[in-house]
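> Got a sequence here, can you model it:
(chains A and B)
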Amino acid sequence: MVYIINLITFAPSFEHKPSSSPFLQEGDEDKSNKSFKPNLPTNNDKDMETIENNELTAERSLEIITEQIEQSRKTASKTTGQALYVAGLSMMAMSIIIAITNYLTKSSLGHLLWFVLPLVIIWAQKKNKEREHVPVSLIGSLVGKTWWTFAAFTLVFFLVSLIWNAVATRLYEPEVYLHLYIKVTPIIVPLMGMTVTITGHILRSRWLVVFGIIAGIGTFLWEWLGIGSVLLFRLAGTTPSEAGLFHPILPCLTFLLFALFGLALPGYLLKRQSL
Amino acid sequence: MNFKPLDPLLHSELRLAVMSLLIASEEAEFSYIKEQTGATAGNLSVQIDKLSTAGYIQVEKTFKGKKPCTICRITAEGHTAFENYVKALRTYLRVK
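Numbers count the residues shown, from 1 in each chain, chains lettered A, B, ... in the order given. Reported below is the predicted structural model:
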């Protein structure tokens, strides 16, 4: 009803000035002329305000505020869901590429490709943002800052660990090196699980909280207890020397599992839930 | 019961919807606000104009690639006005 009153009230001004407002630009899809009919009765602004105020009850005002704020949260959830889904798929693809690289080069050099992953995710996010009208919401900004903090800590830790492991292997005997070697994966996966869980709390998404805890703790235990190695020995029947060849591949399997259960799956569910 | 007066500029369905959207966002594009409120571009433009003139929101015209793009942000004054509006609304709803 109020919208109809608005249409009637503003019709004459738009007849004379098709893009009268300074805020209407070509890209804002101005179809205002099509919305207004030429022979509508004219009211002035003051009349309209009075009618509007009479129509709008306190309950309706509260409803509008609640609806729009909830809509904002839904948009943030959808955007985050999409980002997690893309990040999960990218991480799964990267795990497979790194596993193949490490297997072919019989080294851990492929792990350096992990540094490319944030760039891939940022690029995909930028493309998505250009395609859709996504507002910068406070919730979205909070989620973004949480992930940037995780990314910064993880990348620095990963880089320092790689350098330290490379230096330590040349400086110390294998027996000593075994104790000094920093295992990166069992530290990164719980951190990532924690970030997913915090994101879930911010967005009030039970899916994310549950998947974050399961993926974080699950993959940490998988890596810490060496379940991948045990499975390789028991199921594939490999000898210890053969298993050594698979050593640089095992973290990729852990990350693949995390990407699936901690990012892609909850991201997909969050995206669907927010539609 | 002592009812507080409601800001007439905010006590309008579309303007209140715009302000509520912007209060939860740092900034929002015109097309997004239009999509969320379901208003026509012309009507929305006029209401945004009013909010901007009152100093409740800040409007920035920019480009997204080659396409023109209008970005709206709530100002500190807008925040205060919205806060006061909600406070006044509580007196009508008898919320403690």
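> ranges for the helices of the stretch 151-275 of chain A?
In the stretch 151-275 of chain A, the helices defined using DSSP state H, counting those that start in this stretch lie at A:174-180, A:185-203, A:206-224, A:227-234, A:240-246, A:250-258, A:265-273.
> let me redo that: chain B
B:13-23, B:30-37, B:41-53, B:76-93 (DSSP state H).
> circling back to that earlier point, nearest to residue B:16, out of the helices of the stretch 151-275 of chain A?
helix A:185-203 (24.9 Å; Cβ to Cβ). Glycine gets a C-beta too; all of them are placed from N, C-alpha and C.
> Mean confidence (pLDDT) on the closest one, please.
Taken as a whole, helix A:185-203 carries a mean pLDDT of 93.
> Quick one: residues in contact with it.
Residues outside helix A:185-203 that contact it (Cβ atoms under 8 Å, 6 or more residues apart in numbering or on different chains): A:73, A:76-77, A:80, A:84, A:139, A:142-143, A:146-147, A:150, A:153-154, A:157-158, A:205-213, A:215-217, A:219-220, A:223-224, A:251, A:254-255, A:258, A:262-263, A:266, A:270.
> Run the chain-centre distance for it.
The chain centre lies 12 Å from the centre of helix A:185-203; the measure is Cα atoms, centre = their mean, to the nearest Å.
> residues of that helix that come out buried?
Across helix A:185-203, burial judged by 16 or more other Cβ atoms under 10 Å in any protein chain shown covers A:185-190, A:192-200, A:202-203.
> Over to stretch A:130-137?
A:133, A:134, A:135, A:136, A:137.
> wait, does that stretch make contact with chain B?
Yes. Residues of stretch A:130-137 contacting chain B under Cβ under 8 Å from any Cβ of the partner chain: A:130, A:133, A:134, A:135, A:136, A:137.
> so can I have TSV of those showing secondary structure and pLDDT?
Output for those, formatted as TSV (DSSP: H, G, I helix; E, B strand; the rest coil; pLDDT from 0 to 100):
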residue	secondary structure	pLDDT
A:130	helix	71
A:133	coil	67
A:134	coil	71
A:135	coil	76
A:136	strand	76
A:137	strand	80
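> Name the spans of chain B whose pLDDT lies under the cut-off.
Low-confidence segments of chain B (pLDDT under 70): B:1, B:95-96.
> Which residue lies nearest the spatial centre of it?
In chain B, the residue lying closest to the centroid (Cα atoms, centre = their mean) is residue B:19, at 2.2 Å.
> and it, what does it touch?
With Cβ under 8 Å, 6+ apart, residue B:19 has these contacts: B:10, B:51, B:56, B:57, B:74, B:78, B:81, B:82.
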